[in-house]
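**Q** Generate coordinates for the sequence data below:
(3 chains)
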Amino acid sequence: MTDASSSTAASLLAGLNPVQYQAVVLEGGPGLVLAGAGSGKTRVLTRRIAWLIRERDIAPHRLLAVTFTNKAAGEMRERVAALLGFPAHGLWIGTFHAICLRWLRRHPREAGYAPDLSVYDSADQQTLLRGLLKEDGFDHTPRRARELLGIVSRWKNRGEGPEAAASQARGPAQQVAARFYRRYQDALRARNAVDFDDLLLGAHRLFQAVPEIADRYAEQFRHVLVDEYQDTNHVQFLLVERLARRHRNLFAVGDDDQSIYGWRGAQVKNILDFREHFPEATVLSLEQNYRSTKTILDLANAVIAHNPDRWPKRLWTERAAGTRPQFFLGADEDEEAEEVARRVAEATRAGAELRGIAIFYRTHAQSRPLEDAFLRRRIPYRLIGGVRFYERREVKDLLAYLRALVNPSDEVALRRAVGVPRRGIGETGAASWLAESAARNVDPLEAAAGGGLESVGARGRSGLTEFGRIMLEWRARLGEPPERLLGEIVARSGYETYLEEQGGDWEERRANVRELVDGARLFSSQVEGGGVREYLDQVSLLTSADTAEEKADAVTLMTAHNAKGLEFPRVFVVGLEEGLFPHASSLEDPAELAEERRLFYVACTRAMETLVLSASALRRRYSSGGGGVSRFLSEIPAGLLEETPCGDAPRRAPSGGRTLVSEGEPFADPDEHPLVGRRVHHATFGSGIVVAAEGRGTEAHVTVRFHGGRSRKVIGSYLEWEV
DNA sequence: GGGCCCTCGTCCTTA
DNA sequence: ACGAGGGCCC
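**A** Numbers count the residues shown, from 1 in each chain, chains lettered A, B, ... in the order given. Prediction:
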């Protein structure tokens, strides 16, 4: 489906089915388009924007389009330009977060912030909250901080402040969260910082506090278009409702079956109640799927049918049945991954392109065995998400310098910057420095440069003074392009030398540092007037998909959440086990379980031609093998899924890495080496994994699940044991 | 005491 | 990859 550029009006409407057509040309009030998976909603959105600009003469700056990722925004912008034959300058298109940040930058005072505010990512949030918890003697483990931040985030996404939270907090965790909600907000404000939720909330408060500003935007935006409407939260609803109040042209596109962000406050309710909020709304339903073969669609439909409270619809296709989706069970995660890699290799021998193949999993931690398997077979892959480039330590270290320069109140950034490279200022020294600066009401960098801080020990003082001086020098040069300042920081802070001294994978880290500077250079060359502030804004709102290398022919590995909105000819969904997918934390709650099922539905409906599902009998980290295969598999009607063996030949000993040791050896100290879970090799049956054991030493009777899922009881001494 | 380096256990999903 | 905890050095 390529939208070729053309200059005739008809071409904007050509090739659309009747409902798509109606959606593109919808006028005179709000519209909700229920767009099933693969029903061409991106096409509808881009054609509609182009149509409004060209056929209805709406100036681009009077259109606001909200997308779910920056990448989607960029692609949509390009497609619209291609349709129009010229770029739509001035078009407001981006994620809610990016657009809200833009408003906060334009009206910081009215929103209650000083200019140059910092955007805190989840790591910064944790650093901040953990500090507060520690101060008050509360549990300040990362896990606890994450839990509390999750609770606070849900309040924020409902638009509830600390008071409302305090009055409704139930149970010990919520009460602690409510207590620290206020303090956390105060701490953010003191640092002139916002977290991701505050971006939305801040814009909402801005519109409430200064209705004239809201009215101005509501007047400006003749049309407001929102993609992935099922994943909007209450505050986002309030924002679009406010912006569409004047012209009533809210155009929402979404699919209640693909709502997968309930845990961060999204409410399907926004779709289900659309008619109540906008009684005059036109509701259209896109039910023809153009993406998947019939069997894949049938499978997905069968699973999602197990969810209650759905907007009634039935997705259909004209496509042929195609290849029946397959399932296989690996003995453990390594074997499962190995089988995925084997099938990928097989597909490429049959002519498949690697870029058309994707592997989806529930959690990032599952990528490791897959990466290993692809590395062993020398199959190129690209990993989306996981440890993202801009979350790497060396990258965050250097960006902390820029943040601290831009926003002198950003203590999280100041502490980080002063600590790397080491300057003799540790946690205590930094705390004294910042406390004394605050008490004396002086800028921390000025105070540091002055060298007169009494509370900082003699040993760290010279390092701190030097840090303050150099930072002040750089701060005076904030008008320079980001790459020049970054380059300066790298060179004069001695950061690369520091990396080298740290050893380990320092060369890779140094490469990342250089890539960071190159990225900044690219930014300045592409963004007009793109200074350090704009650069920081951009990197703090990047999505994991934004940094992916597009051109490479490689298999794509990502979480099912990241898969939303994408499609691939060949899809693998791995790790289908109770406790993993559905995730253990969802098993108690029917609503969360339904969301897991939607997530599985999203994963399956990405597939165009072939779909392979898999699980492993034993998994080291999560359900520890007790969970069994996912209930979602049993929800698939018998005829729609073909059970296939996992592998055929006994595994050859991998070259390098693992080694097989001779019989008996691991039994030298059986107490230190539990037998269950060990990988073994048998002369006749091949390799497998121990699932049960009786006795110990060479006399042990062990049950082994071999390749292909067959289990056998054998004597320990007949096996080679992998270490 | 403070700074810093080492090892070891833990990690769901994200703008 | 990150923090906690232990040990070493100033």
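**Q** contacts and neighbour counts: CA atoms only from here.
**A** Noted.
**Q** what are the ranges of the helices in the stretch 501-650 of chain A?
**A** A:506-526, A:532-540, A:590-604, A:631-634 (DSSP state H, counting those that start in this stretch).
**Q** mind putting those helices in CSV, mean pLDDT included?
**A** Shown next, in CSV, are the helices of the stretch 501-650 of chain A (pLDDT from 0 to 100):
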stretch, mean pLDDT
helix A:506-526, 85
helix A:532-540, 88
helix A:590-604, 95
helix A:631-634, 94
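**Q** quick one, helices of the stretch 101-250 of chain A?
**A** A:122-135, A:142-157, A:162-168, A:171-190, A:196-209, A:211-220, A:234-243.
**Q** just the stretch 301-450 of chain A next, same as before
**A** Counting by DSSP H, counting those that start in this stretch, the helices of the stretch 301-450 of chain A are A:333-349, A:367-376, A:393-406, A:411-419, A:427-439, A:444-450.
**Q** quick one: which of those helices is nearest DNA strand C?
**A** helix A:393-406 (4.6 Å; C-alpha to the nearest atom of the strand).
**Q** what is the mean pLDDT for that closest one?
**A** On average, the pLDDT along helix A:393-406 is 90.
**Q** Tell me the helices and strands packed up against it.
**A** On a contact count with 3 or more C-alpha pairs under 8 Å, 6 or more residues apart in numbering; DSSP states H and E, helix A:393-406 meets helix A:411-419, helix A:458-475, helix A:482-493, helix A:506-526, helix A:532-540.
**Q** let's go with 6 Å and repeat that
**A** In terms of contacts (3 or more C-alpha pairs under 6 Å, 6 or more residues apart in numbering; DSSP states H and E), helix A:393-406 is packed against helix A:411-419.
**Q** want to try TSV for the helices of the stretch 501-650 of chain A, with mean neighbour count and distance to A:Lys294 as columns?
**A** Putting these into TSV (neighbours: other C-alpha atoms under 10 Å; distance: least, C-alpha to C-alpha, whole Å) gives the following:
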stretch	mean neighbour count	distance to A:Lys294
helix A:506-526	17	43
helix A:532-540	19	41
helix A:590-604	22	12
helix A:631-634	16	18
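**Q** Tabulate those in TSV, adding columns for distance to DNA strand B.
**A** Below are the helices of the stretch 501-650 of chain A laid out as TSV (distance: least, C-alpha to the nearest atom of the strand, whole Å):
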stretch	distance to DNA strand B
helix A:506-526	12
helix A:532-540	8
helix A:590-604	8
helix A:631-634	16
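**Q** Let me have those in TSV, adding distance to A:Arg43 as columns.
**A** Putting the helices of the stretch 501-650 of chain A into TSV (distance: least, C-alpha to C-alpha, whole Å) gives the following:
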stretch	distance to A:Arg43
helix A:506-526	27
helix A:532-540	26
helix A:590-604	19
helix A:631-634	31
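**Q** Tell me which of those helices sits nearest to A:Asp215.
**A** helix A:532-540 (25.8 Å; C-alpha to C-alpha).
**Q** Please see if that closest one touches DNA strand C.
**A** No - on the criterion C-alpha under 7 Å from any atom of the strand, helix A:532-540 is out of touch with DNA strand C, staying 14.7 Å away.
**Q** Provide the contact partners of that helix at residue level.
**A** Applying C-alpha atoms under 6 Å, 6 or more residues apart in numbering, the contact partners of helix A:532-540 are A:Pro482.
**Q** how near is A:Met558 to DNA strand B?
**A** 7 Å (C-alpha to the nearest atom of the strand, to the nearest Å).
**Q** ditto for A:Thr317
**A** Taken as C-alpha to the nearest atom of the strand, the span from A:Thr317 to DNA strand B is 29 Å.
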